[in-house]
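Chemist: sequence plus predicted model, see below.
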2 protein chains.
Amino acid sequence: MTIRYPNGKKYNPSVPAAKKKTFAHSFSNRGKSLEDELNDTNEYYLANERAVIHKKPVPIQIVNVRYPARSAAVITEAYFRTPSTTDYNGVYKGRYVDFEAKETKNKTSFPLQNIHSHQVLHMKHVIDQLGLAFFIIHFSSLDRYFLLPFEQFHPLWKRMEDGGRKSITLEEMKERSIEISTGYQPRLDYLQAVEQWLQRERIDQDIERQEKA
Amino acid sequence: MTIRYPNGKKYNPSVPAAKKKTFAHSFSNRGKSLEDELNDTNEYYLANERAVIHKKPVPIQIVNVRYPARSAAVITEAYFRTPSTTDYNGVYKGRYVDFEAKETKNKTSFPLQNIHSHQVLHMKHVIDQLGLAFFIIHFSSLDRYFLLPFEQFHPLWKRMEDGGRKSITLEEMKERSIEISTGYQPRLDYLQAVEQWLQRERIDQDIERQEKA
């Protein structure tokens, strides 16, 4: 028997769905935020000498500081500032790596309103300097993670700027990104996805070279 | 006539020296801090597409935030945290660049107490990942700036750890670093010093290769 909401949508009982998820994804994120998962992963990379990548501190405008005798300075008035860059950067095998991490509960698309135009501009500058720039997108309801290279993201951002759709569909995401497999150590091995991406690029370049020859 | 201090050292009157300095350095720093000068330089690099290098925000531990109606969130209690990395990083021609900037009023040496051991460890990680790591040291009383590659800094840090002197003499600094010439646009062209450093490295590598051949 199908139970329906007043608006006609089917009622899907949540318990079996949650159960199914638990079985299908044995390494589910156990309530950790994407930021925590990335910090854990970056610590793992550092300890294992695979890369040196850190989250940047949140930029804050300090207005007032109190200096109590015999204890640490206390900031008593400060405001959050808009970051002018992305959240994460560092070095991997000599190359500069720069990315922004975003989460969505949406099951079918990633809303572009999550991205700020100054971040897009910053990433454009990074790739012009031959750095690696990308997004890590978590579809939390699906428990799937994607590494979307900036070069693949930019046409969809342009589409929005030209008046087109304001999101990236899941299908587009699958086509344009490398899915990140989740594990235990490291939790989110996004450098493996970076390697796949670089390998694809090398193959593309080889094909181009052969076609020219 | 030579005037001497009680300890026998010659007395050098400071006024003519200051005058000489004014003439010799027509682009003196006009009271700007090293941080301001580097921020100006980095802005210039960004605008001229030479590099993308930013200062990281100061890390802060937020304890309390108030959300007044109809205005921005106010941080009402927060504390400074010790940075675990260096202050500046970014990308230059695809390479990862990471540095720490320090000033001293001392005329004859740079005290190593200005550097934190966690920063040294971070820079060690960076060069192990084939990034470029260095210090920019300003001898403010001399108005001279030096770019000291981490590889040249590290033996002197080790010397201190082994119980040796706790500073880098000006002579050692001249030998081991590349002096940064100051100008108007950009104010502190440290990437030119990076280029000189990389060129020297290439020459050293060529000599090594020739000696092996």
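Modeler: In hand now; what should we look at? Numbering: from 1, shown residues only, chains lettered A, B, ... in the order given.
Chemist: surely residue A:151 forms part of a strand?
Modeler: No - counting by DSSP: H, G, I helix; E, B strand; the rest coil, residue A:151 falls outside a strand, being helix.
Chemist: ok, and the closest non-adjacent residue to it?
Modeler: In this structure, residue A:151 finds its nearest non-sequential neighbour in residue A:127, 6.8 Å apart by Cβ to Cβ, 6 or more residues apart in numbering or on different chains. Where C-beta positions appear, they are placed from N, C-alpha and C, glycine not excepted.
Chemist: quick one, what contacts the one you found?
Modeler: Residue A:127 makes contacts with A:133, A:150, A:151, as judged by Cβ atoms under 8 Å, 6 or more residues apart in numbering or on different chains.
Chemist: which of these sits closest to chain B?
Modeler: Closest to chain B out of the contacts of residue A:127 is residue A:133 (9.3 Å), distances taken as Cβ to the nearest Cβ.
Chemist: the closest one should be in a strand, yeah?
Modeler: Yes - judged by three-state DSSP, residue A:133 forms part of a strand.
Chemist: what is the burial count for it?
Modeler: Look at residue A:133: counted by other Cβ atoms under 10 Å in any protein chain shown, it has 28 neighbours.
Chemist: quick one: is the longest helix belonging to chain A near chain B?
Modeler: Ranked by residue count and defined by DSSP state H, the top helix of chain A is helix A:190-212. No - Helix A:190-212 does not reach chain B (Cβ under 8 Å from any Cβ of the partner chain); its nearest approach is 11.5 Å.
Chemist: give the buried residues for that helix.
Modeler: Buried residues in helix A:190-212, counted by 16 or more other Cβ atoms under 10 Å in any protein chain shown: A:190, A:191, A:192, A:193, A:194, A:197.
Chemist: in which helix or strand does residue A:137 reside?
Modeler: Element membership for residue A:137, per DSSP states H and E: strand A:132-139.
Chemist: okay, that strand in PDB with CA atoms only?
Modeler: The C-alpha atoms that make up strand A:132-139 are tabulated as PDB, following Å, rounded to 0.1, in the frame of the first residue of the first chain:
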ATOM      1  CA  LEU A 132      46.000  22.300  -9.500                       C
ATOM      2  CA  ALA A 133      42.600  23.700  -8.500                       C
ATOM      3  CA  PHE A 134      39.500  21.700  -7.800                       C
ATOM      4  CA  PHE A 135      36.400  21.200  -5.700                       C
ATOM      5  CA  ILE A 136      35.600  18.400  -3.400                       C
ATOM      6  CA  ILE A 137      31.800  18.000  -3.400                       C
ATOM      7  CA  HIS A 138      30.000  15.800  -0.900                       C
ATOM      8  CA  PHE A 139      26.400  14.700  -1.700                       C
END
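Chemist: the inter-axis angle of it versus helix A:190-212?
Modeler: 120 degrees (axes from the mean of the first three to the mean of the last three Cα atoms, to 10 degrees).
Chemist: what about strand A:132-139, distance to the chain center?
Modeler: Taking Cα atoms, centre = their mean, to the nearest Å, one finds the center of strand A:132-139 at 3 Å from the center of the full chain.
Chemist: which one of the buried residues of helix A:190-212 is nearest to chain B?
Modeler: Minimum distance to chain B across these is 11.5 Å, recorded for residue A:191 (Cβ to the nearest Cβ).
Chemist: that closest one and residue A:88, how far apart?
Modeler: 12 Å (Cβ to Cβ, to the nearest Å).
Chemist: the helix or strand that contains residue A:53 pairs with which strands, parallel or anti?
Modeler: Using DSSP H and E, residue A:53 maps to strand A:52-55. Strands that pair with strand A:52-55, judged by DSSP bridges, come out as strand A:88-92 (antiparallel).
Chemist: any idea which strand is longest in chain A?
Modeler: The longest strand of chain A (DSSP state E) is strand A:95-104.
Chemist: list the helices and strands the helix or strand that it is followed by packs on?
Modeler: With elements assigned by DSSP H and E, the helix or strand that comes after strand A:95-104 is strand A:109-111. With contacts taken as 3 or more Cβ pairs under 8 Å, 6 or more residues apart in numbering or on different chains; DSSP states H and E, strand A:109-111 sits against strand A:95-104, strand A:167-169, helix A:170-176.
Chemist: so which bits of the strand holding residue A:53 are buried?
Modeler: Buried residues in strand A:52-55, counting neighbours by 16+ other Cβ under 10 Å, are found at A:52, A:53, A:54, A:55.
Chemist: count the residues that sit near residue A:109.
Modeler: Neighbours of residue A:109 under the rule other Cβ under 10 Å: 17.
Chemist: now it, nearest residue through space, not along the chain?
Modeler: Closest residue in space to residue A:109, ignoring its immediate chain neighbours: residue A:167 at 4.1 Å, by Cβ to Cβ, 6+ apart.
Chemist: now for the one you found, how many residues are close by?
Modeler: Residues near residue A:167, counting by other Cβ under 10 Å, number 19.
Chemist: wait, isn't it in contact with residue A:110?
Modeler: Yes - with contact defined as Cβ atoms under 8 Å, residue A:167 reaches residue A:110; the gap is 5.9 Å.
Chemist: got the residues of chain A near chain B?
Modeler: A:46, A:49, A:51-52, A:54, A:56-60, A:72-81, A:84-85, A:89-98, A:122, A:125-126, A:128-131.
Chemist: and these, which of them are buried?
Modeler: For these, a neighbour count by 16+ other Cβ under 10 Å gives the buried set as A:46, A:51-52, A:54, A:56-57, A:59-60, A:74-78, A:85, A:89-92, A:95-98, A:122, A:125-126, A:129, A:131.
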